[in-house]
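K.L.:
give me coordinates for this.
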Amino acid sequence: MDNENQAALPDEILARRERLPVKPEAVTLVGQKVRLLPLDVERDKAALYAVTNGSPITLGERSVGAYDADEMVWRFMSSGPFATLEAFEHYLQRLVSQPNALAFCVLDAATGQPVGTASYMNNAPEHLKIEIGAVVYSPVVQRTGANREATYLMLRHAFDVGYRRLEWKCNALNDRSRHSALRMGFTFEGIQEYHMIIKGHTRDTAWFRILDREWPDVKRHLEGLLAV
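P.N.:
Alright, predicted model coming up:
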């Protein structure tokens, strides 16, 4: 590893830094369970709010009764739950307006219903790294494989366009997110203590990553999970 890092990078790798924009290029990603469209606040806000605010939900043959939106969706996020659609709209607007991020609306492929969000964020093309974050899913699609396929689609696209490192970060107390990252093939890198203050509380952050040299094995692993 030390010898590898001492060697100058090939010109082809260095040239990618000039090709990749700071604001990731808008793209639509299509899978079997989900489709990811660039988030449009006006188009998506009402539907997304309806499936993340604690109200009963029906999606095809699946349904969820009234639920605790904080416990099921927002507890470990930087914002939420939201008492009004207007407050939720402001949250979505912050996602789409970040200069180094691309927010997606995640749709259930079978029904076309928006069911969550995910973002490319903290994009650093000069270092060929980017993060997947702002991941929120309605309880109606939690544990259905929707997040797994959406993450796979985002990973595949990012490595295809030339990134070398994909990051996943979460509150260190968020056991579901940490387990999900490991199951999908991310490598745990450690805990950054006192990383942020969120909702009046200290947030220690768990860091995970996939490197381009690891991606072929992770890709096969994820495709195997998705085929089940």
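
K.L.:
which intervals of this protein have sub-threshold pLDDT?
P.N.:
1-3 (pLDDT under 70).

K.L.:
determine the longest helix present in it.
P.N.:
When the chain is parsed with DSSP state H, its longest helix is helix 146-161.

K.L.:
pairing partners for the helix or strand just after that helix, with directions?
P.N.:
As assigned by DSSP states H and E, the chain's next helix or strand after helix 146-161 is strand 165-171. When pairs are called by DSSP bridges, strand 165-171 turns out to pair with strand 129-137 (parallel), strand 201-211 (antiparallel).

K.L.:
quick one, strands of the protein?
P.N.:
Using DSSP state E, the strands of the chain run over residues 29-30, 34-38, 57-59, 62-64, 102-108, 114-124, 129-137, 165-171, 187-198, 201-211.

K.L.:
ok, residues contacting the fourth one?
P.N.:
Contacts made with strand 62-64 from outside it, assessed by Cβ atoms under 8 Å, 6 or more residues apart in numbering, are listed as 56-57, 138-141, 144. For the C-beta atoms, the positions are set from N, CA and C on the backbone; glycine is no exception.

K.L.:
which one of these is nearest residue 184?
P.N.:
The nearest member of the contacts of strand 62-64 to residue 184, counting by Cβ to Cβ, is residue 144 at 14.7 Å.

K.L.:
quick revisit: now list the buried members of the contacts of strand 62-64.
P.N.:
Of the members of the contacts of strand 62-64, the ones counted as buried by neighbours, 16 or more other Cβ atoms under 10 Å, are 57, 138-141, 144.

K.L.:
quick one: residue 136 and residue 52 touch, right?
P.N.:
Yes: proximity of residue 136 to residue 52 meets the contact threshold set by Cβ atoms under 8 Å, at 6.4 Å.

K.L.:
contacts only, for residue 177.
P.N.:
Residue 177 is in contact with 76, 135, 170-171, 206, counting by Cβ under 8 Å, 6+ apart.

K.L.:
name the nearest residue to residue 55, sequence neighbours excluded.
P.N.:
residue 66 (6.6 Å; Cβ to Cβ, 6 or more residues apart in numbering).

K.L.:
measure that neighbour to residue 149 for me?
P.N.:
Per Cβ to Cβ, to the nearest Å, residue 66 is found 27 Å from residue 149.

K.L.:
check residue 131 too.
P.N.:
Distance, residue 131 to residue 149, by Cβ to Cβ: 19 Å.
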